[in-house]
Structures are given as structure tokens and as C-alpha cells.
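*Asks:* Okay, sequence plus prediction incoming.
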Amino acid sequence: MSGRHALPSRFGKLYREVAKFGLVGASGFVVNLGVFNIITGVVGWAPVRAGVLATAVAILTNYLGLRYFTYRDRDPAARASRRREMTLFLFFSAIGLVIENGVLYITTYGFGLDSTVATNVCKFLGIGVATLFRFWSYRTWVFRTVARQAPHPAPVARGGVPAEPVLNVSWDAR
């Protein structure tokens, strides 16, 4: 797309993508903190161990939301593509898990902030930092856009003179 409407259209697509990612992330946030608090409060696990399990549960729910809601238009048909997508998703999610729970580890064991409020605040901060990394990595490497085909060249009339211009408009409302 070119012209004066290209920039607002690109920002509109990015805005919708960020909004959908945010909705899935918000649900994952609730799952993450909910599981974290149940495991630390009811089961009595240490904060970092509970944080790792809670993050793993949230990763699974987030994958479903991202695959079937946020990035459903980027659905590769081939089974090999889905396997690659899942491998990359798990790889970048594992890095996010280390970032998220690394913050919790440093604040809990490095600074001694181990009260319920402190661990929840630190978990929240870790989720925030890891979310920035995940957004960038998922959209860049995991749920990549399918390359669009180049437009067909304009037909040429007899004598090498271009025929009437072809209106190359996509009516796709994505």
C-alpha cells in the first residue's frame, strides 16, 4: 500500500495486534499470578519454584490465545511450519521464563524481599520485562506474516504501449 493512507493503515494493524496481544497477555497474567499465589499460599512452595510452574501454565494458555486469536491470520497450513512455530514459541517462552523468574529470584534471594506482597510485586515486574521480550520475539520469529505475492505486471497492448492501468486494490479487511 502506498500513498497518504499507508502510514495510518500500518499503525492501525500494529495497534490491533498490540491490543490482541495485550488481551491474551492479560489473561495469561491472571493465570500466572493466580497459579503462583495458589501454589505459594496453599501448597507452600518457595516463590521461584512456584513462579516457574505458574509461568509454564501461563505459557500454555498464552499459546492457544496467540495462535487462535492474535495471530490466527498467520496460520501456516503445513505441518512442518506448525512444528517450527511450536519449537520457536517454546524456545522464546523459555527465555521469557528465565527473564521473568530471574527478576523474582534476584529480588527474593538477592535482596531478601520474600513477603507475599513483595513476591507478587516482583513477579509482576518480571512478567512486564519478559512480556516486552515475548512480544518482540513472537511477532518477529514465531508468528511471522506470510509473504504476499508481488502484484502482476500491467498488461502491455500491441506496439509496446501499456494497456489501461490495472486497479490493484485488496478488498481484504484484515
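*Replies:* Yep, that arrived.
*Asks:* Can you say which helix or strand has residue 144 in it?
*Replies:* Using DSSP states H and E, residue 144 sits in no helix or strand.
*Asks:* For the residue nearest to it when sequence neighbours are not counted, the count of nearby residues, please.
*Replies:* Excluding the flanking residues, the one nearest residue 144 by C-beta to C-beta, 6 or more residues apart in numbering is residue 74, at 6.7 Å. To be clear about C-beta, it is placed using only N, CA and C from the backbone, and glycine gets the same treatment. By the criterion of other C-beta atoms under 10 Å, residue 74 has 15 neighbours.
*Asks:* Then residue 44?
*Replies:* Neighbour count of residue 44, defined by other C-beta under 10 Å: 8.
*Asks:* Roughly how far does it sit from residue 115?
*Replies:* Separation of residue 44 from residue 115 (C-beta to C-beta, to the nearest Å): 15 Å.
*Asks:* for the longest helix that the chain contains, the distance to its chain's centre please.
*Replies:* Looking across the chain with DSSP state H, the single longest helix is helix 6-38. Taking C-alpha atoms, centre = their mean, to the nearest Å, the mean C-alpha location of helix 6-38 is offset from the chain mean by 8 Å.
*Asks:* Could I get the average pLDDT for the helix or strand following it?
*Replies:* Proceeding N to C from helix 6-38, the next assigned helix or strand is helix 47-65, under DSSP H and E. Here helix 47-65 scores 96 as its mean pLDDT.
*Asks:* other SSEs contacting helix 47-65?
*Replies:* helix 6-38, helix 79-105, helix 116-137 (3 or more C-beta pairs under 8 Å, 6 or more residues apart in numbering; DSSP states H and E).
*Asks:* what's in contact with it?
*Replies:* The contact list for helix 47-65, computed with C-beta atoms under 8 Å, 6 or more residues apart in numbering, reads 23-25, 27-29, 31-36, 39-40, 43, 45, 86, 89-90, 93, 96-97, 100-101, 104-105, 108-109, 114, 119, 123, 126.
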